[in-house]
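[1] the following comprises the amino acid sequence and a computationally predicted model.
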Amino acid sequence: MKTTIFTLLMCCFLSFSNYSQTASDQVKVGDTFTIAKVKMDNYEHIKFPRKNFIIKRGGIATYQNIVNQKVEITSLEEKKDGKIEATIQLKNGKYFFKSHKYIKVNLDEALKEKELI
């Protein structure tokens with residue numbers, strides 16, 4: 001009886017582990033996502049430039065214009081530690097904060113924390 005239950009549990013575990021995939025396995029260049037609203041504008045995995053760099057380049061340093069914007073992945077790069085870093089741009093072709101064309105994103109973490117949906 002114990003061996004039957006153990007075998008059943010092992011089969012279930014192995015079948016679930018075969019179907020689990022990371023977000024980077026499913027995402028490719030050209031996919032579209034939406035930037036979600038984060039509590040207190042604290043985006044940890046989308047690497048937005050600091051406000052002083054935005055202002056120096058003549059941009060507007062507010063996150064209100066970024067929320068719910070469609071973005072497109074333009075390139076994917078795997079880092080030495082195994083994390084996938086994506087470069088994104090706005091789908092409509094405009095600039096982030098009216099100053100930056102491209103932004104880097106830690107893709108797996110941003111999708112997991114729902115910064116990108």
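    Looks like it arrived, so ask away.
[2] for burial, what's the neighbour tally of residue 108?
    19 (other C-beta atoms under 10 Å). C-betas here are computed from N, CA, C, even on glycine.
[3] my error: substitute residue 62 in the last question.
    11.
[4] got it, and the one 10 residues further on?
    Under the neighbour criterion other C-beta under 10 Å, residue 72 is assigned a count of 16.
[5] please name the residues that touch it.
    With contacts defined as C-beta atoms under 8 Å, 6 or more residues apart in numbering, residue 72 is in contact with 30, 31, 32, 88, 89, 90, 91.
[6] could you measure from the third one over to residue 70?
    Here the distance between residue 32 and residue 70 works out to 6 Å (C-beta to C-beta, to the nearest Å).
[7] joint contacts of those two?
    By C-beta under 8 Å, 6+ apart, the residues touching both residue 32 and residue 70 are residue 91.
[8] before we move on, the earlier item: now a ChimeraX select for only the buried ones of the contacts of residue 72.
    Buried members of the contacts of residue 72, defined by 16 or more other C-beta atoms under 10 Å, are picked up in ChimeraX with:
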select :88,89,90
